[in-house]
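Asker: Pasting the sequence and the predicted coordinates here, then a few questions.
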Amino acid sequence: MSPLLEAYDLVGIPLTNRIVMAPMTRCRAKNTVPDAQTVLYYRQRAGAGLIISEGSQISAEGTGYLYTPGIYTPEQVNGWKQVTKAVHEEDGKMFIQLWHVGRMSHVSLQENGALPVSSVSVAAGNSNCYAYSESGEPGPIQASVPRALETSEIARITSDFVTAGVQSMRAGFDGVEVHGANGYIFDQFTNGALNTRADEYGGSTMNRLRFTLETVDALANEIGSTRVGIRLSPFGRLYDMQPFEDEANTWLTLANELSKRNLAYVHLSDQTAFIGVGISREFLGKFRDAYKGTLILTGALDQDAGEELVELGLTDLAGYGRPYVSNPDLVERFRNGWPLSPVDMPTLYTGDEKGYADYPAYSKQLESVDVDSD
């Protein structure tokens, strides 16, 4: 049997297999509230050992893209309750990804046209969020120049994450994932090329990691460490994240620190296949040695690659993103050697029903072929 199909104990949460549906922004929440289509979308994919939801902003300030769901209003919490109920009815498990984009936002998305916030007042070059143009039309638009957070404000954002974590548990999630990857707010503090702060949140390696660790600790204290995961993207270059001298040591230092905290997992996002830079096999081994808990790796994996990494002990769980968009029954396709359906790329972020919950399971495709041949 494929190692991906083996059951796994995630710090007391029983997973039916080692296949993870990775978080993917889909821009289908018209009013930032999960709806019936969201419920259907996640229900269809509940065969995954673990689902990690799309990024869900912890506050209006944390928003960087139109039509993404939040977890900070009663309506959003109630919407997510319907999603987690559906996933649990299918014997699935689900974490929510808690998201604050930092500088990857635009003034049209901020309350009263305020500036987005970040570690420093430097815009992400050649990086688009999804916001409103000057004429009020939605679309890709260059992220605004942010303002640097005052030292005293950083605790407020940590508090927003904690509040969102509490709301997530009320919504029925099995846990939360802190989005510390892909050039968003925690990356903006971790990155030594960008973060030139002169206070206790800038400069040394531990200072640059302070915001991340304080937020993880605050969440763990409130909802329990084994209900908290975090996503990281070592050597990631999305949204103008530049290389820096202390880079490898920074990520391994963070791995060591997180290893002390008895978390649900650390989730690594490897960007190599997309931008040519990311996590080498050698570095993955070093990270694995430094972090002793459950490790998830996502990054353009196919079934063979996921199986190999699990067999080698380089990861415990294998994450799949786009394959889950067009293959809601991905686990069964892996189990039976069925072919995968391709993703309709133009509909990834279109905001309507096409290309969302309308991808059929393989068994339905076969039924369609049989009907057509009659």
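Answerer: That came through fine. Residues are numbered from 1 along each chain as shown.
Asker: Give the other helices and strands that the helix or strand hosting residue 306 contacts.
Answerer: Secondary structure from DSSP states H and E places residue 306 in helix 303-311. For helix 303-311, the packing partners by 3 or more CB pairs under 8 Å, 6 or more residues apart in numbering; DSSP states H and E come out as strand 317-320. Placement of C-beta: from N, CA and C, glycine included.
Asker: any idea which helix or strand comes after the strand it packs on?
Answerer: Later in the chain than strand 317-320, the nearest helix or strand by DSSP H and E is helix 322-326.
Asker: Might you list the low-confidence residue ranges for this structure?
Answerer: Counting by pLDDT under 70, the chain has low-confidence residues at 366-374.
Asker: residue boundaries of the strands in it?
Answerer: 8-10, 13-15, 19-21, 50-57, 94-99, 117-118, 128-132, 138-142, 147-148, 175-179, 228-232, 265-269, 295-298, 317-320 (DSSP state E).
Asker: who does the longest one touch, helix- and strand-wise?
Answerer: So the one you mean is strand 50-57. Under the contact criterion of 3+ CB pairs under 8 Å, 6+ apart, strand 50-57 touches strand 19-21, helix 74-89, strand 94-99.
Asker: Dump those into CSV; add distance to residue 327 and mean neighbour count as well.
Answerer: Formatted as CSV, these follow (distance: least, CB to CB, whole Å; neighbours: other CB atoms under 10 Å):
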stretch, distance to residue 327, mean neighbour count
strand 19-21, 10, 28
helix 74-89, 17, 18
strand 94-99, 18, 28
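Asker: mind giving me JSON lines with those and columns for distance to residue 296?
Answerer: Output for these, formatted as JSON lines (distance: least, CB to CB, whole Å):
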{"stretch": "strand 19-21", "distance to residue 296": "6"}
{"stretch": "helix 74-89", "distance to residue 296": "18"}
{"stretch": "strand 94-99", "distance to residue 296": "10"}
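Asker: hang on, the earlier thing: can you add distance to residue 165 and give the strands of the chain back as CSV?
Answerer: Listed next are those as CSV, based on distance: least, CB to CB, whole Å:
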stretch, distance to residue 165
strand 8-10, 17
strand 13-15, 16
strand 19-21, 20
strand 50-57, 11
strand 94-99, 7
strand 117-118, 20
strand 128-132, 24
strand 138-142, 30
strand 147-148, 26
strand 175-179, 5
strand 228-232, 7
strand 265-269, 15
strand 295-298, 19
strand 317-320, 21
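Asker: do you know which of those lies nearest residue 364?
Answerer: strand 19-21 (19.1 Å; CB to CB).
Asker: what distance separates the closest one from the centre of its chain?
Answerer: 12 Å (CA atoms, centre = their mean, to the nearest Å).
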